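Participant: Structure for this input, please:
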Amino acid sequence: TVAPPSAFVSMYTKGMRGKLGELSLHPVANYPVQKLLANLRDRGLAQLCFDELKEHTKELFRRNRLGVIWRLCEACGRLKTRQREMMKALRSALLPSSDDNAKETKNGNEGGGNMTMIEILMSYGDYEYQQTRQEG
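Facilitator: This next block holds a predicted model:
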């Protein structure tokens, strides 16, 4: 990236603050959000971005905005911040609701309580199938 880190801070504070969730769900506006997340160098700003986006994790998956999720995970890892919360947000977004889990036991753990992230990500196809079944 040619822009200095201060340009991304300015981009966030002047145009994206409080709107990251909405922008990240948009078919086109999610790309600047990805660029912002990919270029974060400030831990505090990464925390603000995470705090804005965490509640949208499930919807980001549903709308196939995986680039936003990827860049957010990458920023949390690179800046060593909100990593545990990111894992919780991913887990919450990818696991079926507790109502679905009460009907079905996964890997012998009621509600999939001890699933690894690999198992959760691999079950994403099952999640899509369940969501399609519920909507249809």
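
Participant: Going by C-alpha atoms from here, please, whenever you check contacts or count neighbours.
Facilitator: Will do.

Participant: helices or strands up against the strand or helix carrying residue 37?
Facilitator: If you go by DSSP states H and E, residue 37 is part of helix 30-38. Helices and strands touching helix 30-38, by 3 or more CA pairs under 8 Å, 6 or more residues apart in numbering; DSSP states H and E, are helix 20-25, helix 66-78.

Participant: Touching it from outside, list them.
Facilitator: Contact partners of helix 30-38, identified using CA atoms under 8 Å, 6 or more residues apart in numbering, comprise 8, 11-12, 20, 23-24, 46, 49, 65, 67-68, 71-72, 74-75.

Participant: Just name the most buried of the helices and strands packed on helix 30-38.
Facilitator: Of the helices and strands packed on helix 30-38, the one with the most neighbours on average (mean count of other CA atoms under 10 Å) is helix 20-25, at a mean of 21.

Participant: what about that one, average pLDDT?
Facilitator: Averaging pLDDT along helix 20-25 yields 97.

Participant: next one: stretch 83-101
Facilitator: For stretch 83-101, mean pLDDT is 78.

Participant: Among the helices and strands packed on helix 30-38, which comes closest to residue 91?
Facilitator: When the helices and strands packed on helix 30-38 are compared by CA to CA, helix 66-78 sits nearest residue 91, at 12.5 Å.

Participant: Tell me which residues of the helix or strand following the closest one come out buried.
Facilitator: Counting by DSSP H and E, the element after helix 66-78 in chain order, helix or strand, is helix 83-94. Along helix 83-94, these residues count as buried under the neighbour rule (16 or more other CA atoms under 10 Å): 83, 86, 89-91, 93-94.

Participant: With stretch 4-19 instead?
Facilitator: 8-9, 12, 16.

Participant: Throw the residues you listed into CSV and include distance to residue 59, pLDDT and secondary structure, thanks.
Facilitator: CSV is the format used below for the buried residues of stretch 4-19 (distance: CA to CA, whole Å; pLDDT from 0 to 100; DSSP: H, G, I helix; E, B strand; the rest coil):
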residue, distance to residue 59, pLDDT, secondary structure
8, 25, 88, helix
9, 25, 89, helix
12, 21, 94, helix
16, 19, 96, helix
